[in-house]
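Asks: pasted the sequence and its predicted model underneath.
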Amino acid sequence: MVWLVLAAFAATGASIAVPLVVQRVVDGPIVDGDATGLWWLGGLAAVFGLIEAGLIFIRRWTQAASALGMETTIRNDVYAHLQRLQIGFHDQWQSGQLLSRVTADLSVIRRFLSFGLVFLIVNTATYVTVVALLIHLRWPLGLLVAASAIPLFIMSRRFSRAYIAASRRMQDELGDVATLVEESAQGLRTIKAFGRRPFMAKRFGREARQLHDTAIGKGRLLALSSARFDLVPNLTLAVVLVAGAATVAAGGMTLGQLVAFVSLQLMLIWPIESLGWIIANAQEAMTAADRIYEVLDTPPSIVDRPGAVAVAEARGRVRFEAVSFTYPGTETPVLRRIDLDVCPGETLAIVGATGCGKTSLVSLMPRLYDVTGGRITLDGQDIRDIQLGSLRRLVGVAFEDPTLFSMSVRENLALGRRETTDDEIHEALGVAQAEFVYDLPWGLDTRIGEQGLSLSGGQRQRLALARAVIGRPRVLVLDDPLSALDVHTEALVEEALARVLHGTTALLVVHRPSTVALADRVALLAGGEVAAVGTHSELLETVPAYRAALSAEADADAEPGPGGNVERSGALSLGGIDDVFSR
Ligand SMILES: Nc1ncnc2c1ncn2[C@@H]1O[C@H](COP(=O)(O)OP(=O)(O)OP(=O)(O)O)[C@@H](O)[C@H]1O
């Protein structure tokens, strides 16, 4: 930036020097008929021209490097911050809005850094220097030119107020359009399957038209103000020409001085004309910066507490002590006074009606959310006093909706643990019955599609399960990890999983009665509270609500799927369409 500004100032100095040389040429060699002097001064003007060209090259070159460097740094900062922010933040933000901030808004800032800001500095410096020279050359005419700044100032204030509102609206609308594109791309199967393409296209068309109208309004504002800005220097020039000619005729200034005066004044036209564009550019960049700061200024709420310790090994005793939890931004607690004690190596199944808080409960273990009352301990230590990094290394997680990334199978699995050997991968794939990956075209190095969409629901779920069990974490959190598997595969996975669960403390959200068999004990959740805890057979005998919950799940399970032995990914698709239409 420093080189850039220095080069810009020096180039402006060189360009201002040229009219001053012209003045010497007109008043000296031309009036005196001195050919040698003409050559010398002509050569000097050419040298200034060459210097200016060289400096412009340096300016443009450094401009690209500095603006792109800053854009990349800010983008990395925003991305890193988004990763640090708690899930609660992401629940409340549309992903398209975040996407447009990391892409479109940052490009606006880069454009300002590389053009708007440079021209703002250079043009202001040019304006001040040239006006000072004009006053020096002929003060009454110089002051007239200086006075033309007053209407310019008033016009630019009005313009910037109107423009900032329009550009904020447009950038927000751009975010909405990005959200729609992203959602539609993700939900394309559902949209096509329900024949809702025209509906979605119409919805998109409405948003796109809104964006178009705002952009046109913005363009109109810019066009109007550019025309007004243009008028001021041209009117001033006309006055200067008439008054200047009269002064030369009266002998108040030389012809060379008038030529220099007008040449210098012509140098002001571009800085003034570009004022509207620079203000627009600056306002857009300020709006974009505001939008980026809305993200950067949100402090992550789930962080290491002061004095949090790193824990490398754990026995794996997990206790929920009077835990309650309310989602950020909501009033009603989802979980109330939860007391659970899970011994090292024990598997606790969590059973309950849909929406009773099972997923919320297990999300607290890896601190995706923090408890709002009570505490969770691991080996007697509040998990908030354990460094997040080490807590998440100790806790393996697989959720019902298995997210895979556009990376190779191996990289997807390594997300579960950074250092993995082929043996560990093989073992984890065995547990999850996911050996099918060896049959993919490039085996473990096959790149799976965006979010793993080229795999079936059951295949994705098995890979997510393998990712959770890789490296045998001390605590496993499995949120209905077998829901998309056919009965045969489920039995095989359960058999292998039982061996893994043997030495691991596990919280296992269970929807299907068959999976309960994996658990040592079962906790029945009802309305966000623990209604009963005991072994499966105890609860079956003594708790009618447990029998009811399991038979309801069994009924749901028994509903015929297409083809009987097909992997049950229907539930996931229905979740998807709900999402599309509720948004
Ligand atoms: N991000 C969120 N923000 C606010 N409320 C939420 C959020 N996620 C879930 N809830 C609410 O919390 C309650 C419990 O949801 P949760 O997903 O924990 O239930 P669940 O027992 O796992 O359900 P299911 O069996 O259908 O998976 C529901 O009423 C739900 O609407």
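Replies: Yes, it's here.
Asks: going forward, measure contacts between C-alpha atoms and count neighbours the same way
Replies: Fine.
Asks: scan the protein for its longest helix.
Replies: What stands out as the longest helix in the chain, according to DSSP state H, is helix 197-249.
Asks: how near is V371 to M365?
Replies: 9 Å (C-alpha to C-alpha, to the nearest Å).
Asks: which one of these two has more residues nearby?
Replies: Taking other C-alpha atoms under 10 Å, V371 and M365 do not tie; M365 has more neighbours (27 against 22).
Asks: all strands of the stretch 251-400 of the chain, in order?
Replies: In the stretch 251-400 of the chain, the segments counted as strands under DSSP state E, counting those that start in this stretch are 318-325, 335-342, 347-352, 373-378, 381-382, 395-398.
Asks: is the ligand within reach of the last one?
Replies: No - contact of strand 395-398 with the ligand is not found when judged by C-alpha under 6 Å from any ligand atom; the minimum separation is 13.2 Å.
Asks: after that strand, which helix or strand is next?
Replies: Using DSSP states H and E, the helix or strand that follows strand 395-398 in sequence is helix 409-414.
Asks: what's the neighbour count on whichever residue of the stretch 401-550 of the chain sits closest to the ligand?
Replies: The ligand sits closest to H511 of the stretch 401-550 of the chain, with a gap of 7.0 Å, by C-alpha to the nearest ligand atom. With neighbours defined by other C-alpha under 10 Å, the count for H511 comes to 27.
Asks: state the pLDDT value of it.
Replies: pLDDT, H511: 78.
Asks: and the strands of the stretch 251-400 of the chain, which one averages the lowest pLDDT?
Replies: Among these, strand 395-398 scores lowest, with a mean of 87.
Asks: quick one, phi psi at G43?
Replies: phi -60, psi -40 (degrees, to the nearest 10).
Asks: against S263, how distant is it?
Replies: In this view, G43 and S263 are 19 Å apart by C-alpha to C-alpha.
Asks: those two - which one has more neighbours?
Replies: S263 (17 against 12).
Asks: okay, now the domains of this structure?
Replies: Listed domain ranges for the chain are 2-296, 318-401+473-582 (source: automatic domain parsing).
Asks: using a markdown table, please lay out those together with distance to G457.
Replies: Output for the domains of the chain, formatted as a markdown table (distance: least, C-alpha to C-alpha, whole Å):
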| stretch | distance to G457 |
| --- | --- |
| domain 2-296 | 13 |
| domain 318-401+473-582 | 5 |
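Asks: how about the residues of this structure that lie near the ligand?
Replies: Going by C-alpha under 6 Å from any ligand atom, the residues of the chain near the ligand are 91, 327, 334, 354-360.
Asks: how about the residues you listed, which pair is most distant?
Replies: Longest distance between any two of the residues of the chain next to the ligand is 19.8 Å, between D91 and T354; criterion C-alpha to C-alpha.
Asks: distance check, V295 against E183.
Replies: Using C-alpha to C-alpha, V295 is found at 21 Å from E183.
Asks: what residue in the stretch 201-350 of the chain comes nearest to the ligand?
Replies: Taking C-alpha to the nearest ligand atom, the ligand has its nearest neighbour within the stretch 201-350 of the chain at Y327, 5.0 Å off.
Asks: does that residue touch G357 like I think?
Replies: No - contact criterion C-alpha atoms under 8 Å: Y327 and G357 do not qualify, at 11.0 Å.
Asks: who touches both of those two?
Replies: Both Y327 and G357 are in contact with V334, where contact means C-alpha atoms under 8 Å, 6 or more residues apart in numbering.
Asks: out of the domains of the chain, which gets the lowest mean score?
Replies: domain 318-401+473-582 - the lowest mean pLDDT of the domains of the chain, at a mean of 80.
Asks: what about A428, neighbour count?
Replies: Quick note: A428 (other C-alpha under 10 Å) scores 27 neighbours.
Asks: could I have the buried ones of the residues of the chain next to the ligand as PyMOL selection syntax?
Replies: Filtering the residues of the chain next to the ligand down to the buried ones (16 or more other C-alpha atoms under 10 Å) takes a single PyMOL command:
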select buried, resi 327+334+356+357+358+359+360
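Asks: now the residues of the chain next to the ligand as a markdown table including distance to N234?
Replies: Listed next are those as a markdown table, based on distance: C-alpha to C-alpha, whole Å:
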| residue | distance to N234 |
| --- | --- |
| D91 | 55 |
| Y327 | 62 |
| V334 | 69 |
| T354 | 73 |
| G355 | 71 |
| C356 | 73 |
| G357 | 71 |
| K358 | 73 |
| T359 | 70 |
| S360 | 68 |
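Asks: for the residues of the chain next to the ligand, which one is nearest A227?
Replies: Ranked by distance to A227 (C-alpha to C-alpha), these are led by D91 at 45.9 Å.
Asks: quick check: the closest one is in a strand.
Replies: No - using DSSP: H, G, I helix; E, B strand; the rest coil, the secondary structure at D91 is helix, not a strand.
Asks: alpha carbons of stretch 184-191, as CSV, please.
Replies: C-alpha atoms of stretch 184-191 as CSV (Å, rounded to 0.1, in the frame of the first residue of the first chain):
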residue,chain,number,x,y,z
SER,A,184,-32.3,-25.3,-4.8
ALA,A,185,-29.0,-27.0,-5.7
GLN,A,186,-29.1,-29.1,-2.6
GLY,A,187,-32.8,-29.9,-2.8
LEU,A,188,-32.8,-30.4,-6.6
ARG,A,189,-33.9,-34.1,-6.4
THR,A,190,-36.8,-33.2,-4.2
ILE,A,191,-37.9,-30.3,-6.4
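Asks: quick check: buried residues in it?
Replies: Residues of stretch 184-191 classed as buried: 184, 186-188, 190-191 (neighbour count, 16+ other C-alpha under 10 Å).
Asks: with stretch 236-245 instead?
Replies: Across stretch 236-245, burial judged by 16+ other C-alpha under 10 Å covers 236-237, 240-241, 244-245.
Asks: among those, which two are most distant?
Replies: T236 and A245 (14.1 Å).
Asks: which other helices and strands does the helix or strand hosting T12 contact?
Replies: Element membership of T12, judged by DSSP H and E, is helix 2-25. With contacts defined as 3 or more C-alpha pairs under 8 Å, 6 or more residues apart in numbering; DSSP states H and E, helix 2-25 has these neighbours: helix 35-84, helix 117-137, helix 255-273.
Asks: figure out which of those helices is closest to A104.
Replies: That would be, of these and by C-alpha to C-alpha, helix 35-84, which comes in at 10.9 Å.
Asks: starting at the chain centroid, how far to that closest one?
Replies: Relative to the chain's own centre, helix 35-84 is displaced by 30 Å; criterion: C-alpha atoms, centre = their mean, to the nearest Å.
Asks: fine, thanks again, bye for now.
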